[in-house]
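Enquirer: Quick one: sequence plus predicted model below, questions after.
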Amino acid sequence: MLQSIAQTQSAPVKTTENALSLFLARKRLKFGGAQLACVTAVLNRIGKRRVWKHNGKVAVIIDSTSYAKARSRRKKRPMPGKGKVRLHNLPIDEEILVPGYQEIWVGLLLTDRTVLPITRRLWSERGPECASQNLAELAEIRNAVELVKKILKLDVILVADSGFKRKDLLHWLKKIEGIDFVIRLGGKLMVMVDEKERLLEKAAPWWPKRTRIQWRDTAKHVLMSDASSRHAGVTTEYGDQVSFNIVYLAPLKEGLDPMFLATTLTTQTVADLRIIVRLYSWRWGIETFFWKFKQGLKADSWRVFSCWEAIDHLLTAAHMTYLVLVLLAELLKRGATGALRVAMRHLQDTLRRRFARSPEFTLGRVFQIIAMDFPSPRRVEVLSATPLRSARETRVGSSESSACMTVE
């Protein structure tokens with residue numbers, strides 16, 4: 001839609017990518033209000049029943065993803081505000097840095113273990129907005145917490161990977177903001193346990209084992225581990241003291257690294273330990289969202305290099321598109337009107353033709369349909385020829401008919 005609007009603007013450019021870049025770079029083009037409206041609409045539609053809760057609190061997951069954007073075709077114009085990002089999924093252990101951007105996301109954990117993105121921020125060390133990535137992460141955490149408290153009227157539990165293991169962040173969450181957290185720590189952290197300061201990886205193996213728990217290291221691998229916990233404390237660089245519980249997981253399989261989880265949640269019972277470990281393992285849902293966002297919406301192949309604002313506006317528009325599709329999927333599942341029920345059957349027929357068996361209608365399946373590459377025009381005709389109505393169905397009103405075509 002933005003590409004079509006950009007082509008109608010009069011501008012001395014040759015390619016459609018340059019026209020889109022020029023259109024998105026306008027200072028008066030502001031997406032903040034529209035993005036907030038999309039998030040609010042989806043949260044109000046989902047409600048508290050679809051959100052995962054523990055003791056009256058919801059879980060928000062923070063993570064960052066990178067966009068590697070190396071210039072090609074001998075273009076002399078540099079990318080605006082680009083920084084250095086790591087290339088992932090390489091067959092070698094060497095770290096390779098390329099030009100690109102970081103994007104910080106905060107998502108809400110739902111009952112089906114999926115993550116709904118609610119806030120985002122584009123960042124690089126040469127970007128115009130923040131002096132450091134730590135400040136950008138604190139700003140996104142505060143924005144997400146305020147959204148959840150305002151719309152859902154609930155407190156939050158922050159879940160994060162080892163990239164957020166900073167001692168000053170732990171102090172900020174507990175002492176200043178009063179936010180519960182489950183954050184993975186590194187073994188090289190100096191902690192105070194039983195009035196003795198030692199490295200975490202040296203002290204934790206001596207803690208008494210309490211139970212055995214299964215946890216997922218990745219989306220596919222399940223590890224059986226011995227679990228133990230202790231109350232510990234650390235001192236920040238500014239001399240502030242902060243204490244929390246540490247859950248230690250030692251895999252039974254040799255050669256695997258242990259896992260350390262810092263949390264403000266209680267660890268008195270075995271059930272408490274299981275909840276903490278499962279909550280962290282469900283963090284993988286935000287990685288699944290990154291895959292759907294980049295592959296389904298083609299968010300990893302944009303080519304707007306005119307200015308920082310153009311890049312940020314395009315990713316904001318992709319976020320709103322994702323939220324609109326989430327809202328559409330919710331409407332189709334409930335089938336509030338006859339038109340939506342007909343559209344639901346139409347999508348199910350498309351799913352049956354696309355996959356070998358009839359799968360369950362989920363948001364991920366919708367994105368697989370969107371990202372489908374048709375090998376020939378005949379394949380497009382076959383899929384588009386699926387009738388919206390069958391001969392046995394009764395007619396609906398003209399208003400529902402027009403709504404059905406709009407949904408389609």
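Expert: Done, it's in.

Enquirer: Tell me the first helix or strand C-terminal of the longest helix seen in the chain.
Expert: Criterion DSSP state H: the longest helix present in the chain is helix 308-334. Counting by DSSP states H and E, the element after helix 308-334 in chain order, helix or strand, is helix 338-354.

Enquirer: So which elements touch that next one?
Expert: Secondary-structure packing of helix 338-354 (3 or more C-beta pairs under 8 Å, 6 or more residues apart in numbering; DSSP states H and E): helix 308-334, helix 363-370, helix 377-384, helix 398-407. (Each C-beta comes from the backbone N, C-alpha and C, glycine too.)

Enquirer: Pull out the buried residues from that helix.
Expert: Using 16 or more other C-beta atoms under 10 Å as the test for burial, helix 338-354 gives 338-348, 350-351.

Enquirer: Can I get that helix as PDB, trimmed to CA atoms?
Expert: Taking C-alpha atoms only, helix 338-354 is exported to PDB below (Å, rounded to 0.1, in the frame of the first residue of the first chain):
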ATOM      1  CA  GLY A 338     -21.600 -14.700   8.100                       C
ATOM      2  CA  ALA A 339     -19.100 -13.000   5.900                       C
ATOM      3  CA  LEU A 340     -16.300 -13.800   8.300                       C
ATOM      4  CA  ARG A 341     -17.400 -17.400   8.500                       C
ATOM      5  CA  VAL A 342     -17.300 -17.600   4.700                       C
ATOM      6  CA  ALA A 343     -13.900 -16.100   4.500                       C
ATOM      7  CA  MET A 344     -12.700 -18.600   7.200                       C
ATOM      8  CA  ARG A 345     -13.800 -21.500   5.000                       C
ATOM      9  CA  HIS A 346     -12.100 -19.900   2.000                       C
ATOM     10  CA  LEU A 347      -8.800 -19.700   3.900                       C
ATOM     11  CA  GLN A 348      -9.200 -23.300   5.100                       C
ATOM     12  CA  ASP A 349      -9.600 -24.500   1.500                       C
ATOM     13  CA  THR A 350      -6.500 -22.600   0.600                       C
ATOM     14  CA  LEU A 351      -4.600 -24.300   3.500                       C
ATOM     15  CA  ARG A 352      -5.800 -27.700   2.300                       C
ATOM     16  CA  ARG A 353      -4.500 -27.100  -1.200                       C
ATOM     17  CA  ARG A 354      -1.200 -25.700   0.100                       C
END
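
Enquirer: quick one: the strands in the chain?
Expert: For the chain, the strands defined by DSSP state E cover 53-54, 57-68, 83-86, 97-109, 115-123, 155-160, 180-185, 190-193, 196-199, 211-216, 222-235, 241-251, 259-263.

Enquirer: For these, which has the smallest mean pLDDT value?
Expert: Ranked by mean pLDDT, the strands of the chain bottom out at strand 83-86, with a mean of 82.

Enquirer: what lines up beside it in the sheet?
Expert: For strand 83-86, the pairing partners within the sheet under DSSP bridges are strand 97-109 (antiparallel).

Enquirer: where's the partner strand relative to the chain centroid, distance-wise?
Expert: In terms of C-alpha atoms, centre = their mean, to the nearest Å, the centre of strand 97-109 is set 9 Å apart from its chain centre.

Enquirer: Can you check what angle separates that strand from helix 308-334?
Expert: 30 degrees (axes from the mean of the first three to the mean of the last three C-alpha atoms, to 10 degrees).

Enquirer: which parts of strand 97-109 are buried?
Expert: Buried residues in strand 97-109 (16+ other C-beta under 10 Å): 99, 100, 101, 102, 103, 104, 105, 106, 107, 108, 109.
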